[in-house]
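S.K.: sharing a model prediction with you, sequence too.
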Amino acid sequence: MRVLVVEDEPRMAELIRQGLEEETYAVDTIGRGDEVLTWVQSAPYDIILLDIMLPGMSGLEVCRILREEGFLMPILILTARDALLDKVKGLDSGADDYLVKPFAIEELTARIRALARREGPTKKAELVVADLVLDPATKLARRGSREIELTAKEYALLETMMRRPGQVISRSQIIDHVWDMEFVSGSKLIEVYIHTLRKKIDDGFPVKLIQTVRGMGYRIGDPRERH
Ligand code: CA
């Protein structure tokens, strides 16, 4: 999951970034409303957190423009305390949800998980591919009866693949959804992570769920279900 945080108060932006990175999200933060469109055009964000009072352009205006331009990712508005009118206007301008400041980071991450579910093909909290189950709330994976512990980036990579079961996902799509703007291009990071994920998920099982699609990328799914 890759998140764009638009917040001009540096301490607030940093708190949000830390909280979301602990949840394994890839996070980019910017502080101006009039830069949002450029950023969403350059990377496929899964969700946007949007402050209302921003230099350059207000969050409400940003929200309206994003929807007009056809961007459909969930937008969560961050409003000042008791600003009821902001909430109403935010939802009217195309936002999906709002959160009143100050908020607990746990509440923010719970809202994000709920919005991510709304976008996915399934409403269930757990992601399931064949006998592999991933729980976004606990970050635990299970294959058959085996519990699998994952590091933050392994989790993020597996989640990105499991949200697109059976589809080929390219290296650049993986980078876009799992890493932030600081990813070093040309590095072998993805291959390394895929290798470790394979060991954890496929070793000891006759059916290998993670497949390499030569020249294109990777796919997760039961290969016997393909014709
Ligand atoms: Ca602000």
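M.R.: Yep, it's here.
S.K.: okay, now the unreliable bits of this structure?
M.R.: Screening the chain residue by residue with the criterion pLDDT under 70, one finds the ranges 81-85, 119-124, 182, 184-186, 226-227.
S.K.: SS state for the one residue in it that gets nearest to the ion?
M.R.: As assessed by C-beta to the ion, the ion sits closest to Met53 within the chain, at 3.9 Å. Quick note: C-beta positions are derived from backbone N, CA and C, even for glycine. Secondary structure, DSSP: H, G, I helix; E, B strand; the rest coil: Met53 is coil.
S.K.: quick one: it and Ile77 touch, right?
M.R.: No. Assessed by C-beta atoms under 8 Å, Met53 is found out of contact with Ile77, at 11.3 Å.
S.K.: excluding chain neighbours, what is closest to Val178?
M.R.: Ranked by C-beta to C-beta, 6 or more residues apart in numbering and with sequence neighbours excluded, the top spatial neighbour of Val178 is Ala156, at 4.7 Å.
S.K.: show me what contacts the one you found?
M.R.: Listed by C-beta atoms under 8 Å, 6 or more residues apart in numbering, the contact partners of Ala156 are 1, 24-26, 177-178.
S.K.: mind putting the residues you listed in a markdown table, secondary structure and neighbour count included?
M.R.: Conversion of these to a markdown table gives the following (DSSP: H, G, I helix; E, B strand; the rest coil; neighbours: other C-beta atoms under 10 Å):
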| residue | secondary structure | neighbour count |
| --- | --- | --- |
| Met1 | coil | 21 |
| Thr24 | coil | 20 |
| Tyr25 | coil | 24 |
| Ala26 | strand | 25 |
| His177 | helix | 23 |
| Val178 | helix | 25 |
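S.K.: thinking again about what came up before, now the residue nearest to Val178: how far from Asp46?
M.R.: Distance, Ala156 to Asp46, by C-beta to C-beta, to the nearest Å: 11 Å.
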